[in-house]
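1. just need the structure, nothing else, for what follows:
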Amino acid sequence: MLTPPAASDLPQPKLWPIATVMATGVFATTFVQTQCLGQQPINSLLMDGMKLDSNTAATFVTLATLPWTFKSIAGLLVDRVPLFGSHRRSYLLLSALLAGTMWLLMGLESTHYNLLLACAIGMNATLVLGSTTANGLLVEAGQRTGASGRLSSLRQFAYTLASVIAAPAGGYLAGRSLGWTSAMAALPLVCLLVAAWFLLKESSTVKHDSEFADAIWKLIQPLPRQANFVGSLLIILLAYYYFDQFLLGLQLLSTAFCIWILIEMVALHRLDGPRWQLYLPAGLLCFLQAVPTFRSTCFYEYQTKALDYSNVQIGWLSLAGFSVALLSSGVYAWVCRKISLRTSLYAAVVLTALSAVPYLFYTRYSPDSPWMARALTIESVGTFLQYLAYVPLFDLAIRSTPKGGEALGFAVLISIWNVGLMIGAKTGPMLYETALHQDMNALIWINAGVTLAGIAIVFLLPKALVDQREGR
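-> Residues are numbered from 1 along each chain as shown. Down below sits the predicted model:
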């Protein structure tokens, strides 16, 4: 039956070395991505250095980040296939080493488009392995030690810190030789290499539990030998290729794969209550992101056209918001030991709704008035509440991930989260432009109001998952 993620009967490892490696892995694999540190330097190189148009540059970025679409496959690999006898340490070492090498080659081959693209794809592929492994380590340690809340907070802190540092660093490096960006990317990767080598120990006497990943693999293994499956797959991809949407087709197939694994995750669980309850954690993660959101392209248009903010000012607003959001991790690390996860999730739904309310008070920018200070306050409060609400959701994802498939299960749940994110980012601007006739305040109220419906999903969550606080 479904049991809470309490500490196991096995001897408990020290938490701080595992937490240090996990946080270093999350920071490094986030910070050095082409869509993080490399975003502005690479865009500058493509459009200013190589004189490419925006469409060609966008194609480069899409192809370079394509490996992130297949994170669930990476999870299946690291859970099932040991590398030099290791399911975590060796993959982190390999990821850091290869990603650093690829960044070095990108700096050396920055004048050759095809070589640069090949290295960028390879670099992101190795980062996917590292990121997935770090998350698997997070789930494994969280379930085994009963510290899922504190580890979720640490993961959120590392991820947010990477975003905070990467934005100004990327802006400073834009327009300079790509070799400087490669040198900066090497620093956190070296830190990951050192941390994994010295701090992460995997006992050769304890067999790694990969029961869930093995069961999923047994279901997948016969598919490539079925002619109807292979034929249908090729027809789908050719159809998307014909309509110049091949990358979209791959993303949709990856999404379908994640949903299929979620269905099998439910089928493989044994529990006393209704089996449908296990869909609810994924449903909550998806729903809260799928609510029509104003935090998308329509808000950028609103800021620049209706409120007269410049790109530089918007950049400062984002930096202020993400900087304050770092505090949210510390708040939840303390709270999770005081109240149950269910109570935290109720609070997360309410906080997500409340995080939209400050944006109702945005005012047109004027150099003769203090409205920039008001905008900074709004961004800080709104982003802090939003990120504080995220941490218990990640805690829920850790508790919901099946044992024996830590990296795979967590990758699937985060993919479901991203599906919701794509839906919300599309439906929000669509409502803004059509039904709401560019009324931003109306969209903000819709976002806040619909979000509160998530309380019903929290109420239905399985007791074994969410009715105890951390450490119980």
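
2. quick one, helices of the stretch 151-300 of the chain?
-> In the stretch 151-300 of the chain, helices defined by DSSP state H, counting those that start in this stretch lie at 178-199, 211-220, 227-242, 246-268, 279-290, 297-301, listed in chain order.

3. and among those helices, the most buried is which?
-> Of all these, helix 279-290 has the most neighbours on average by mean count of other CB atoms under 10 Å, namely a mean of 22. For the C-beta atoms, the positions are set from N, CA and C on the backbone; glycine is no exception.

4. what packs against it?
-> Packing partners of helix 279-290 (3 or more CB pairs under 8 Å, 6 or more residues apart in numbering; DSSP states H and E): helix 246-268, helix 341-354, helix 371-400, helix 406-433, helix 454-460.

5. how about 10 Å then?
-> Applying 3 or more CB pairs under 10 Å, 6 or more residues apart in numbering; DSSP states H and E, we find helix 279-290 packed against helix 246-268, helix 341-354, helix 371-400, helix 406-433, helix 440-451, helix 454-460, helix 463-466.

6. ok, residue 341 to residue 280 distance?
-> Going from residue 341 to residue 280 by CB to CB, to the nearest Å gives 13 Å.

7. and the protein, what are its domains?
-> Annotated domains of the chain cover 1-200, 211-472 [automatic domain parsing].

8. now mean pLDDT too, for these, in CSV please.
-> Shown next, in CSV, are the domains of the chain (pLDDT from 0 to 100):
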stretch, mean pLDDT
domain 1-200, 89
domain 211-472, 88
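
9. just name the most buried of these.
-> Using mean count of other CB under 10 Å, domain 1-200 ranks as the most buried of the domains of the chain, with a mean of 20.

10. figure out how far that domain is from the centre of its chain.
-> Put simply, domain 1-200 sits 11 Å off its chain's centre (CA atoms, centre = their mean, to the nearest Å).

11. hang on, the earlier thing: identify whichever of the helices of the stretch 151-300 of the chain lies nearest to residue 464.
-> Proximity to residue 464 (CB to CB) singles out helix 279-290 among these, at 11.7 Å.

12. next secondary structure after whichever strand or helix holds residue 72?
-> For residue 72, the element it lies in under DSSP states H and E is helix 71-80. Using DSSP H and E, the next helix or strand after helix 71-80 towards the C-terminus is helix 89-108.

13. tilt between that next one and helix 71-80?
-> Compare the direction of helix 89-108 with that of helix 71-80 by axes from the mean of the first three to the mean of the last three CA atoms, to 10 degrees and you get 140 degrees.

14. show me what the longest helix belonging to the chain is packed against.
-> Scanning the chain for the helix with the most residues, using DSSP state H, yields helix 113-145. Where contact means 3+ CB pairs under 10 Å, 6+ apart, helix 113-145 is packed against helix 15-31, helix 54-64, helix 71-80, helix 89-108, helix 148-173, helix 178-199, helix 371-400, helix 406-433.

15. next, format the ones you listed as CSV and append distance to residue 322.
-> Putting the helices and strands packed on helix 113-145 into CSV (distance: least, CB to CB, whole Å) gives the following:
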stretch, distance to residue 322
helix 15-31, 12
helix 54-64, 21
helix 71-80, 23
helix 89-108, 23
helix 148-173, 5
helix 178-199, 17
helix 371-400, 6
helix 406-433, 17
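
16. looking at these, which is closest to residue 323?
-> Minimum separation from residue 323 across the helices and strands packed on helix 113-145 (CB to CB) falls at helix 148-173, 5.6 Å.

17. alright, I will stop here.
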